[in-house]
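Engineer: Here you go, sequence then predicted model.
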Amino acid sequence: MKYIFLSFFICLITVPAEGHGKTLNEYFEILNAHPKIEAISAREKALRLQADSTAGLPDPSLFVGVENVPVSDPSFDRYLPTSKTLGFSQGFPGFGSRNAQKNVFLASADNSELMSEYAGSQLRGLFLSRLADLERVNKQLDLEQQKKPIIVQLQEYYDGRIAAGDAIFEKTFKAEAEQYDVEQRLNSLNSEKAVIEADLVQLVGEVPADLHPEFREKSWDGEVANLYPVKLAKGELKIEEAKVSVADKSMNPDFGLSATYKFREEAANGSFDGDDWFTVQLRMSVPLWASSKQLPQIEAAESNRTSAQMQHRDVVRAWQKEVARIQSQKLASSLNIETLNKKESALQEQITAMERTYSTGQTSLEPVLQAELARLSLLSQIAGERQRYISLVEELNTHIAENENNEQK
């Protein structure tokens, strides 16, 4: 017995706690701090810092040394070219090359920012879809529970008929089978509810309580160019275009400056004075081997750009098809909901009429109870279709980029 109580206690402390009083925006803030978004944001920050670093010059080199020291008798006052040296050199990569490389990092950072927005949109869409799932499951659980007393009432009616001498045993067995079907559906729905609640805990750390948001469609101009996947493909194309510019700028010269100061010592015998010397050099790179280095790099960058262009076109076509699918399924779901609601209204009117007929003694209780069971099943079907419609709405919302023209209506 103690093990039973221990198991019960463990279940109590491991059941996910429901949220109390949080608004939808508060849950969105929790989602904005999701590790997936934080990781992408950190990458974006790194790329922007790398872009800033390209404006800087490479580190200068400092050097000290000696020149032309005799091996047989090392000294600095016997041989005219002998000197101690101090110098530095500084490279000056071309400004165009540095600016082109900066644009690569900035384009990559912009795409990372867009990826972060898309990830946030996906998480919000998933959260809202799971809330709709939870609402649907709770509704269907309640409807299945409502069937139980009706089936019991139906079984009692059949038992009374059998006691009166009617041979309707098959109907008794059918009602009993219906009862088992209800139990099976309840088990499946409870299992599904547990999975949904686990998903919500994974997303926001708890199961929201009494949160029933409005599921609204984003206003959208219908242009696939305003969908996140297409924008990301466009961003990849911009990155490749920036890399082409880097390859082109590699043909431009880089410059460098070096200066050396030579300390001289007077000769011991006065054969030469010890005046110091200095040397200054200006360097410039020349693309002498461009045919085997820079030109292949340029061609490779242009090929990558062409590949990105084709991928962008492919993504546009793919999302034209995907949007058509979602819109078609959404329209079908909307029409199904409308049809099912009309059917439910007609069935309710039928039940009302049958109840009036039953009260006059012109019909039995069986058709009334069977019709009520059919109505509850129909309401469960409507709840499922409504959730399907919401999931399609949120699926499309997820892909629509956030801007001043695409706001929820």
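Structural biologist: On my side now, so go ahead. The model shown is predicted, which means the values in this text are computed figures rather than measured ones.
Engineer: for this protein, longest helix please?
Structural biologist: helix 95-163 (DSSP state H).
Engineer: need the next SSE after that helix, C-terminal direction.
Structural biologist: For helix 95-163, the following helix or strand on the C-terminal side (DSSP states H and E) is helix 169-204.
Engineer: Just want the angle from that next one to helix 95-163.
Structural biologist: 160 degrees (axes from the mean of the first three to the mean of the last three Cα atoms, to 10 degrees).
Engineer: list the helices and strands helix 169-204 packs on?
Structural biologist: For helix 169-204, the packing partners by 3 or more Cβ pairs under 8 Å, 6 or more residues apart in numbering; DSSP states H and E come out as helix 24-32, helix 95-163. (Each C-beta comes from the backbone N, C-alpha and C, glycine too.)
Engineer: Ranking those helices by mean neighbour count, which comes first?
Structural biologist: Most buried of the helices and strands packed on helix 169-204 by mean neighbour count (mean count of other Cβ atoms under 10 Å) is helix 95-163; its value is a mean of 18.
Engineer: what mean pLDDT would you report for that helix?
Structural biologist: Across helix 95-163, the average pLDDT comes to 92.
Engineer: who does it touch, helix- and strand-wise?
Structural biologist: helix 24-32, helix 35-53, helix 169-204, helix 228-249, helix 366-399.
Engineer: burial of the closest residue to residue 88 other than its chain neighbours, as a residue count?
Structural biologist: With Cβ to Cβ, 6 or more residues apart in numbering as the criterion, residue 88 has its nearest non-adjacent residue at 5.0 Å, and that residue is residue 62. Using other Cβ atoms under 10 Å, residue 62 has 9 other residues around it.
Engineer: same deal with the one 4 residues further on?
Structural biologist: Number of residues near residue 66 (other Cβ under 10 Å) recorded here: 13.
Engineer: Which of the helices or strands spans it?
Structural biologist: Residue 66 belongs to strand 61-67 when assigned by DSSP H and E.
Engineer: Show me what the very next helix or strand once past that strand pairs with in its sheet, parallel or antiparallel.
Structural biologist: Next helix or strand after strand 61-67 toward the C-terminus (DSSP H and E): strand 83-92. With DSSP bridges as the test, strand 83-92 is paired with strand 61-67 (antiparallel), strand 255-263 (antiparallel).
Engineer: Now do the longest helix of the chain against helix 35-53, angle only.
Structural biologist: 170 degrees.
Engineer: now the helix or strand where residue 299 lies, how far from the centre of its chain.
Structural biologist: Taking DSSP H and E as the criterion, residue 299 maps to helix 294-359. Mean-position distance between helix 294-359 and its chain equals 19 Å (Cα atoms, centre = their mean, to the nearest Å).
Engineer: Against which helices or strands is that helix packed?
Structural biologist: Helix 294-359 sits against helix 228-249, helix 366-399, with contacts defined as 3+ Cβ pairs under 8 Å, 6+ apart.
Engineer: That one versus helix 366-399: what angle between them?
Structural biologist: 160 degrees.
Engineer: how far off helix 228-249 does helix 294-359 point, in degrees?
Structural biologist: Going by the same axes, to 10 degrees, helix 294-359 makes 180 degrees with helix 228-249.
Engineer: what's the average pLDDT for helix 294-359?
Structural biologist: 94.
Engineer: Out of the helices and strands packed on helix 95-163, which gets nearest to residue 212?
Structural biologist: Across the helices and strands packed on helix 95-163, residue 212 has its closest neighbour in helix 24-32 (9.6 Å, Cβ to Cβ).
Engineer: re the thing from before, just the C-alphas of the strand holding residue 66, formatted as PDB.
Structural biologist: The C-alpha trace of strand 61-67 is given here as PDB (Å, rounded to 0.1, in the frame of the first residue of the first chain):
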ATOM      1  CA  SER A  61      55.200  44.700 -37.300                       C
ATOM      2  CA  LEU A  62      58.100  46.100 -35.200                       C
ATOM      3  CA  PHE A  63      61.600  44.700 -35.600                       C
ATOM      4  CA  VAL A  64      65.100  45.200 -34.200                       C
ATOM      5  CA  GLY A  65      68.300  43.700 -35.400                       C
ATOM      6  CA  VAL A  66      71.800  44.100 -36.600                       C
ATOM      7  CA  GLU A  67      73.100  44.300 -40.200                       C
END
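Engineer: tell me, how many neighbours does the nearest residue to residue 22 once chain neighbours are set aside end up with?
Structural biologist: Nearest non-adjacent residue to residue 22, counting by Cβ to Cβ, 6+ apart: residue 208, 6.6 Å away. The local packing of residue 208 (other Cβ under 10 Å) involves 24 other residues.
Engineer: My read is that residue 208 contacts residue 26, right?
Structural biologist: No: shown here, residue 208 and residue 26 do not form a contact pair, counting by Cβ atoms under 8 Å, at 9.7 Å.
Engineer: where does residue 37 sit relative to residue 29, distance-wise?
Structural biologist: Separation of residue 37 from residue 29 (Cβ to Cβ, to the nearest Å) stands at 11 Å.
Engineer: and residue 171, how many neighbours?
Structural biologist: Residue 171: 17 surrounding residues under other Cβ under 10 Å.
Engineer: do the one 3 residues further on as well
Structural biologist: Other residues near residue 174 come to 14 when the count uses other Cβ under 10 Å.
Engineer: how close does it get to residue 158?
Structural biologist: Distance, residue 174 to residue 158, by Cβ to Cβ: 9 Å.
Engineer: same thing with residue 342?
Structural biologist: 32 Å.
Engineer: want to try TSV for the helices and strands packed on helix 294-359, with mean pLDDT as columns?
Structural biologist: Formatted as TSV, the helices and strands packed on helix 294-359 follow (pLDDT from 0 to 100):
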stretch	mean pLDDT
helix 228-249	95
helix 366-399	94
